[in-house]
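Take a look and give me a structure for this.
(3 chains)
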Amino acid sequence: MTHALTALTMPKFGLAMTEGKLASWAFSPGDTVKEGDEVADIETSKITSGYESPASGILRKQVAQAGETLPVGALLGVVADADVSDADIEAFIASFKADTAEEGGEEAEAANTEPRLIKAGDHNLNVRDVGKGGSAPLLLIHGFGGDLSNWMLNQDVLARSHRVITFDLPGHGASSKDVGDGSVTALADAVSELLKALNISSAHVMGHSLGGGIALALLRDNPGVVASLTLVAPAGLGREVNAPALKDMVEADRTRDMQKALEALVHDKSLVGRKMADNVLKVRRLDGARDALRTIEASCFGNGQQSFDMRPVLDAARVPVTLFWGEEDEILPVTGAKNVPDSVTKHIMPKIGHMPQLEKTAELNRLVEAFLEKSHVTA
Amino acid sequence: MQISTETLLQSYRAMRTIRVFEERLHREFATGEIPGFVHLYCGEEASAVGVCANLTDQDTIASTHRGHGHCIAKGVDVGGMMAEIYGRKSGVCRGKGGSMHIADLSKGMLGANGIVGGGPPLICGAALSHKVLKDNGVAVAFFGDGASNEGTTLESLNLASVWQLPAVFVVEDNGYGEATGASYACAGNQKDRAAGFGMPYMECDGSDFFAVHDTARDAIDHARSGKGPVMLHVHLQRWYGHFEGDAMSYRAANEVADAKKNHDCLESFRTRVEQEKLLDLNALDEIDASVADEVESAVQAAKQAPWPEEADLMADVYVKI
Amino acid sequence: MSKKSFRQAINEALRQEMRRDPTVVLMGEDVAGGQGGSSGVKDAWGGVLGVTKGLQTEFGESRVLDTPISEASYIGAAAGAAATGLRPVAELMFVDFVGCCLDQIMNQAAKFRYMFGGKARTPLVIRAMYGAGFNAAAQHSQALYPLFTHIPGLKVVVPSSPYEAKGLLIEAIRDDDPVIFLENKVMYDDEEEVPDEAYTIPFGEANLTREGNDVTIVAIGRMVGMANEAADRLAKQGISCTVLDPRTTSPLDEQTILECVEDTGRLVIVDESSPRCNMACDISALVAEQAFGALKAPIRRVVPPHTPVPFSTPLEKLYMPSAEKIEAAVKSIMMQKTPEVA
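Have a look, this model is predicted:
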């Protein structure tokens, strides 16, 4: 960036976000910041995440205070070169207006990208379908106890080059709560039904955790559907699983208990705020939600172990596969990454927990984009 | 309709149990060992027993501050009642309720009640439960002439009629609300009150078990058959004061003596079954002996039973905190 | 998920629970309305403010029961029905009418379980409107939750938004204890996103609608919205506030209140009920006893004066707490210096 003056504004993490709280500043006025530095922590109802400075320069002014909740687009601060005068900074702030025209545009866009319920076989699945292009659409499958918002920092970025579909698995989020026997096969069937309902014959599939296991089951049961496979800390490659943590994530019914349970998902525990826990609890408290998760838990992680082995599926895979795993994963240990064939491109991420897509967003997004590009060429 | 031998024996036993239970309490209260207030039902036994002989555990009753008789007539455990009155942990309410709050919902006994007029609204609700759940049950409110003047009672008569509930309102009219005569405190009469709410009125002599039993049967059958509520007015006399320790200075000197001599439901029962050869008097004597033993053991057990402990203080305020 | 009003959220909670559980029955004055009217139209009102509209049409007269204007009998009947197998939701219309049926609530329903040695369950919900701001004057405007909170055996719910109302009402209906559920009549048209599915919110857990470092504002029911507004204004002035909605005044989430006061060191309590022996007093006492050392400034209570609720608009405005009054209270304690410790 070469602008002399750059506005730091409330970012939008996913289109559902309308406001955010400036949790804290990482820099003080007068500090030099580089483009890409996490200049502030922004807390939303889903997660706390770093806001990367769009420009290099000096943080000349903090307009918003830590603790303030502001609409998306609101001015947080100003980054400028040293030679810009204070008067110019003040004039810039005075004249700053969130671009209302653009906001209206975004709202119109948001209306088209709101999740909607889609009938898929016996299920009603909550689906968010955005973006265009790519050799095939990209389908993102979240993990046990999660929902489509697990991809909030990935979907819209990847959607710049692809049609990207996220959805709530049966029993999760706003989807219907019937999960059948709760097996990975039953869940893969539901995914297959969803692809049929969306008229998609071939998709790049990215699965996280249990969603990785489901992606592998999909490849096993419907090999023709899967164009490429991106596995993020996937289930099914080892026996070990932190079953007590999963249980807490299902059963915790108080905010502080849920917050503690969710901390097991990430290496940087400060990412998990009270609001994130409240948000998960809202979903847990829907009628039938906990029972659905208990059924899946019993089927997939009964007796404190992963009950299904997808290594043979991966060994036999004929599509491009890439793997991401956090070295500090407390749910599915990174040792599972040893059990993949050499043909798989592995990204083992240091100081990252079970959710690289939230903890190492930019890098993962970049690597996935590159992988999809390459897969397109090979395909 | 002939009353079965079994029902007669059970009813006699219940009336005798109430009599012995209450007379024993009268003596024990004087020793200072029984805490709190005690209101005795002596003299009114045929009312509770005559009505409840027509009910099953499925049916519900609500009682009054003078509730021991209703409890025994509805089948509440005598030992548990005595322990409750002594404030012991083995009491039916674990020592939390005492004389005025004995209840056993498993027997359809919705509780004695410390609030005059507390029962009739509750009985509207119990009757509604029977109606909505279609279990063929009837709900019976016992209340006194004093409670007949409470707004809650009059509102309940109206509501029961509006909703056509399977409810029976039993006015146990012993002539006194505490120390004030019903002749002073009750305007008009119960019959006209029932008529005012559009419900049938029936009355009977409360010292005559057979009269109460048969009238109550008609009242309860009416309610059970879905024809709506009934008022049953039972004329009674209580043999003791409003509560234990009441010198009864508001009553004529011979009133209680006359009641005991001429209106003793147990004596009139024995005379009738003997005259009509309905029961063998030896069997009744055996019941008397057995009841005396039962009450004696209940008192001894209650006196020796453990007190509630500190942990019980906070227990059972809520089902779930 | 869609936007629903406070009124719709409550109606939906009742409807979903009545569909789920055949023992749930509704009763109250004009909960349907129209019985015995010359038009022959039943379900004519659906509650004086339309909250129960359509329920009698769906569930019939045996489960949605209009009552005579006779609070003692039907609130008592609801208690009796709850103890004998039904799950009644009785509507008291205006909570001020509790004067006509307090015995049935205070001496009967609340005490059955304890008096009967733990052998009774009384799954009763009493819904009632509360609150000033409607020019409804002294007999239709009180915020009587402290009265019920005072009575052991009752649970007391004061929801602050449509989402909260639906989840808390479903929880109340499924709860086995008697619950007083108070709806602020000014909030019926408030809207927010509310899931279409049934869900519950547990009692006794406070909700933090704002999180901050300088002051904890505890606010109840409609006051939560005002406290949020004040907190947002204060944030712009560099004062960051936690806003704590207890959701239920009984049980009360003492732990979260104390934790927040430990974090911020300052406490403002916003309570719409009359100021003597109200929740603000209760919470002040709690904090004074258990978090005295954390306090950097005196506790401030934003409460109405000790008067009946006045009718006339300007007087009612003076009477009510407001975002401005909350803001001023917060500022007044932010100006106080922490005493220097030698």
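
where exactly do the strands run in the stretch 51-200 of chain A?
For the stretch 51-200 of chain A, strands defined by DSSP state E, counting those that start in this stretch occupy the ranges A:57-62, A:69-71, A:75-80, A:116-120, A:123-130, A:138-141, A:164-167.

where among those strands is the average confidence lowest?
Lowest mean pLDDT within those: strand A:69-71, a mean of 84.

That one vs chain C: in contact?
Yes. Using C-beta under 8 Å from any C-beta of the partner chain, strand A:69-71 reaches chain C at A:Thr69. For glycine as for every other residue, the C-beta is placed from the backbone atoms N, C-alpha and C.

hang on, A:Leu293 is in a helix, isn't it?
Yes. Counting by DSSP: H, G, I helix; E, B strand; the rest coil, A:Leu293 falls inside a helix.

any chance of the strands of the stretch 51-200 of chain A in JSON lines, plus distance to C:Ile126 and mean neighbour count?
As requested, the strands of the stretch 51-200 of chain A are arranged in JSON lines below (distance: least, C-beta to C-beta, whole Å; neighbours: other C-beta atoms under 10 Å in any protein chain shown):
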{"stretch": "strand A:57-62", "distance to C:Ile126": "51", "mean neighbour count": "20"}
{"stretch": "strand A:69-71", "distance to C:Ile126": "36", "mean neighbour count": "19"}
{"stretch": "strand A:75-80", "distance to C:Ile126": "48", "mean neighbour count": "23"}
{"stretch": "strand A:116-120", "distance to C:Ile126": "36", "mean neighbour count": "16"}
{"stretch": "strand A:123-130", "distance to C:Ile126": "36", "mean neighbour count": "22"}
{"stretch": "strand A:138-141", "distance to C:Ile126": "46", "mean neighbour count": "28"}
{"stretch": "strand A:164-167", "distance to C:Ile126": "42", "mean neighbour count": "27"}
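
looking at the ones you listed, which is closest to chain B?
The closest approach between chain B and any of those, judged by C-beta to the nearest C-beta, belongs to strand A:123-130 at 32.2 Å.

Output the contacting helices and strands for the closest one.
helix A:100-113, strand A:116-120, helix A:155-158, strand A:164-167, helix A:184-197 (3 or more C-beta pairs under 8 Å, 6 or more residues apart in numbering or on different chains; DSSP states H and E).

got the angle for the last one vs strand A:116-120?
It stands for helix A:184-197. 110 degrees (axes from the mean of the first three to the mean of the last three C-alpha atoms, to 10 degrees).

buried sites along helix A:184-197?
A:184-195 (16 or more other C-beta atoms under 10 Å in any protein chain shown).

Could you list the contact residues of chain B toward chain A?
Close to chain A, as judged by C-beta under 8 Å from any C-beta, chain B has no residues.

Below-threshold pLDDT in chain B: ranges please.
Applying pLDDT under 70 to chain B flags the ranges B:1.

Against B:Gly95, how distant is B:Met81?
12 Å (C-beta to C-beta, to the nearest Å).

Settle it for me: which of the two has more neighbours?
Neighbour totals were compared for B:Met81 and B:Gly95, and B:Met81 leads with 25 against 22 (other C-beta atoms under 10 Å in any protein chain shown).

where does that one fall, helix, sheet strand or coil?
Going by three-state DSSP: B:Met81 is helix.

thinking again about what came up before, in terms of mean pLDDT, which of the helices and strands packed on strand A:123-130 ranks lowest?
helix A:100-113 (a mean of 48).

residues touching residue 272, list them.
Picking chain A for this. A:Val272 sits next to A:47-48, A:259, A:262-263, A:265-266 when contact means C-beta atoms under 8 Å, 6 or more residues apart in numbering or on different chains.

that's the other chain; I wanted chain B
Listed by C-beta under 8 Å, 6+ apart, the contact set of B:Arg272 reads B:210, B:278.

Please apply the same query to A:Ala317.
Residues near A:Ala317 by C-beta under 8 Å, 6+ apart: A:219, A:229, A:341.
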